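# no sequence on this one, just coordinates:
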């Protein structure tokens with residue numbers, strides 16, 4: 001009779017579950033809605049060819065370094081993608097977030113455990129019968145906290161958004177990495193170009209020094225001209241070690257970005273090349289496209305969604321919690337009878353718990369989570385404004401550097417002509433040697449400025465692609481973790 005009553009209680013548990021679930025069909029707390037931000041209709045700065053008004057070319061943005069047509073740069077990008085340690089840390093954080101989401105999802109399911117025991121005891125002959133008894137038992141226990149008011153569903157919602165935020169953070173690290181590799185590569189090539197210019201200038205100044213020496217030996221000039229020429233020559237030579245230091249440091253930074261030891265890139269970077277260049281024909285698109293293109297904006301939006309769900313988790317603490325408990329098993333004094341029908345046991349129960357007083361702690365926690373949500377919203381809005389600022393700054397820099405570069409190119413042509421003329425006139429005894437020194441020094445300065453401008457133009461274009469969120473695709477590193485069925489914890 002007692003066993004039948006227990007079985008009836010267990011059989012009636014599903015009805016209790018449906019009654020409790022019907023009492024709380026909605027999750028407490030605010031439902032998340034993406035914030036609406038007013039975006040400008042167009043950029044305030046226009047490229048000279050007007051290409052920024054075209055829709056952003058996704059294929060170009062995903063692999064923007066291809067516009068430089070530099071195979072070494074492309075190889076460095078791929079090697080950085082495979083070996084960068086910051087990227088590996090970001091990948092590990094994505095896996096952590098996915099695991100945390102899985103743990104949050106696991107809280108929605110019952111907890112089931114198994115147990116088995118065997119015991120043997122003997123009573124005292126002085127205080128008892130002195131008999132020996134044996135007890136065997138085996139069974140399963142189950143407990144299930146019902147998510148009546150949506151606390152666990154809100155926690156899963158928050159964990160899902162946090163996972164997505166971690167994936168966007170990975171993509172943000174990715175585009176920053178690619179931009180850093182490209183900028184340091186441009187720096188290295190710029191140093192090589194400056195070394196080449198300086199060495200060429202050293203050769204020219206050496207020839208000038210020879211002219212002054214010959215003229216001094218011929219009695220056509222004084223030692224002053226020869227000393228000034230020698231001073232100018234050594235000043236140019238002194239620039240080479242400084243540039244070589246910058247070059248090696250840029251190579252070392254590249255090696256670090258690739259996750260390799262300093263000096264690992266010497267075989268790849270031994271051959272000197274010019275600074276990679278590309279025409280400024282970037283299809284920037286509209287400002288509103290940044291909202292879905294920039295990983296840092298997407299990350300901030302997901303963090304806002306995660307924090308909004310935490311308000312629901314906090315509000316659920318105001319309501320009671322309901323749990324179902326149950327167990328089925330076998331008990332017997334003899335092992336041979338343990339698996340018989342008479343050895344079966346069963347137990348079922350429902351319980352509730354409700355925090356009635358905590359000194360206002362629950363409501364303070366709700367206020368805390370709400371304030372954090374407001375902070376996350378402000379951070380999202382700030383991130384959007386910073387993204388717009390990045391693009392505008394990059395556009396301005398690209399446009400003005402191109403104009404500056406054209407002027408410097410004309411200045412170099414004029415400077416070369418002026419220096420050649422001044423040296424010819426000095427050799428003929430028409431011009432003073434100071435004119436030669438001045439034009440020679442001015443030419444070197446203009447040549448250095450032109451080389452630096454070419455490097456700046458490439459760096460500004462890299463910054464433009466970075467500010468547009470270029471360098472990742474939808475399958476990097478995987479849009480979402482695949483859903484998996486509940487698993488046992490063996």
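Here it is on my side, so go on. Bear in mind that the values here come from a model prediction, so they are computed numbers and not experimental data.
# which stretch of helix or strand covers residue 133?
Using DSSP states H and E, residue 133 falls within strand 132-146.
# that strand pairs with which strands?
strand 111-122 (antiparallel), strand 321-332 (antiparallel) (DSSP bridges).
# for those strands, which one sits closest to residue 459?
For residue 459, the closest of those is strand 111-122, at 56.8 Å, according to CB to CB. Backbone N, C-alpha and C define where each C-beta goes, glycine included.
# how about residue 268: what's its closest non-neighbour residue?
Closest residue in space to residue 268, ignoring its immediate chain neighbours: residue 72 at 6.4 Å, by CB to CB, 6 or more residues apart in numbering.
# per-residue pLDDT of that neighbour, please?
Predicted confidence (pLDDT) for residue 72: 94.
# could you check how far it is from residue 188?
10 Å (CB to CB, to the nearest Å).
# compare the two and say which is more crowded by neighbours.
Neighbour totals were compared for residue 72 and residue 188, and residue 188 leads with 27 against 17 (other CB atoms under 10 Å).
# how about the secondary structure of the residue nearest to that one when sequence neighbours are not counted?
Excluding its sequence neighbours, the residue lying closest to residue 188 (CB to CB, 6+ apart) is residue 250, at 4.0 Å. When classified by DSSP: H, G, I helix; E, B strand; the rest coil, residue 250 comes out as helix.
# and for residue 345, the neighbour number?
Neighbours around residue 345, by other CB under 10 Å: 13.
# where does it fall, secondary structure wise?
Using DSSP H and E, residue 345 sits in strand 344-353.
# from the contact counts, what lies against that strand?
Applying 3 or more CB pairs under 8 Å, 6 or more residues apart in numbering; DSSP states H and E, one finds that strand 344-353 makes contact with helix 2-11, helix 13-23, strand 321-332.
# circling back: could I get the strands paired with strand 132-146 in TSV, plus columns for mean neighbour count, mean pLDDT and distance to residue 88?
TSV is the format used below for those (neighbours: other CB atoms under 10 Å; pLDDT from 0 to 100; distance: least, CB to CB, whole Å):
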stretch	mean neighbour count	mean pLDDT	distance to residue 88
strand 111-122	10	89	35
strand 321-332	17	90	41
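# tabulate the ones you listed in CSV, adding columns for distance to residue 342.
Below are the strands paired with strand 132-146 laid out as CSV (distance: least, CB to CB, whole Å):
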stretch, distance to residue 342
strand 111-122, 18
strand 321-332, 8
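# who wins for proximity to residue 444 among these?
strand 111-122 (77.4 Å).
# sorry, back to before: which neighbours do residue 72 and residue 188 have in common?
Both residue 72 and residue 188 are contacted by residue 269, under the criterion CB atoms under 8 Å, 6 or more residues apart in numbering.
# tell me the helices in the chain, going along the chain?
Along the chain, the segments classed as helices by DSSP state H run 2-11, 13-23, 58-62, 71-83, 85-106, 151-217, 223-257, 266-269, 290-293, 295-316, 361-427, 433-467.
# what's the most buried one of those?
helix 295-316 (a mean of 23; mean count of other CB atoms under 10 Å).
# elements contacting that one?
helix 151-217, helix 290-293, helix 361-427.
# so for residue 349, which of these sits nearest?
Among the helices and strands packed on helix 295-316, helix 151-217 comes nearest to residue 349, with 20.5 Å by CB to CB.
# averaged pLDDT, that closest one. What do you get?
Mean pLDDT, computed over helix 151-217, is 92.
# for stretch 291-310, same thing?
95.
# ditto for stretch 440-451
90.
# mind listing residues that contact it?
With CB under 8 Å, 6+ apart, stretch 440-451 has contacts from 190, 193-194, 197-198, 201, 204-205, 208, 232, 236, 275, 405, 408-409, 411-412, 415-416, 418-419, 422-423.
# give the contact list for the closest residue to residue 396 other than its chain neighbours.
Among residues not flanking residue 396 along the chain, residue 45 sits closest, at 5.0 Å (CB to CB, 6+ apart). Going by CB under 8 Å, 6+ apart, residue 45 touches 52, 392, 395-396, 399.
# could you count how many residues lie near residue 320?
There are 11 residues near residue 320, going by other CB under 10 Å.
# if I look at it, how far off is residue 414?
Separation of residue 320 from residue 414 (CB to CB): 86 Å.
# check residue 95 too.
From residue 95 to residue 414 the distance is 60 Å (CB to CB).
# again, but for residue 342
110 Å.
# which ones are touching the most centrally placed residue in the chain?
Against the mean C-alpha coordinate of the chain, by CA atoms, centre = their mean, the closest residue is residue 173 at 2.4 Å. Residue 173 sits next to 86-87, 90 when contact means CB under 8 Å, 6+ apart.
# which pLDDT does the model give residue 279?
At residue 279, the model reports a pLDDT of 74.
# so what's the residue count around it?
Here the number of neighbours of residue 279 (other CB under 10 Å) works out to 11.
# quick one: low-confidence residue ranges for the protein.
Filtered on pLDDT under 70, the chain yields the residue ranges 1-25, 48-57, 127-128, 280, 283, 476-490.
# distance-wise, check the residue located most distally from the centre of it relative to residue 133.
Within the chain, the residue lying farthest from the chain centre (CA atoms, centre = their mean) is residue 126, at 75.9 Å. Using CB to CB, residue 126 is found at 17 Å from residue 133.
# ok, now residue 156?
Distance, residue 156 to residue 133, using CB to CB: 49 Å.
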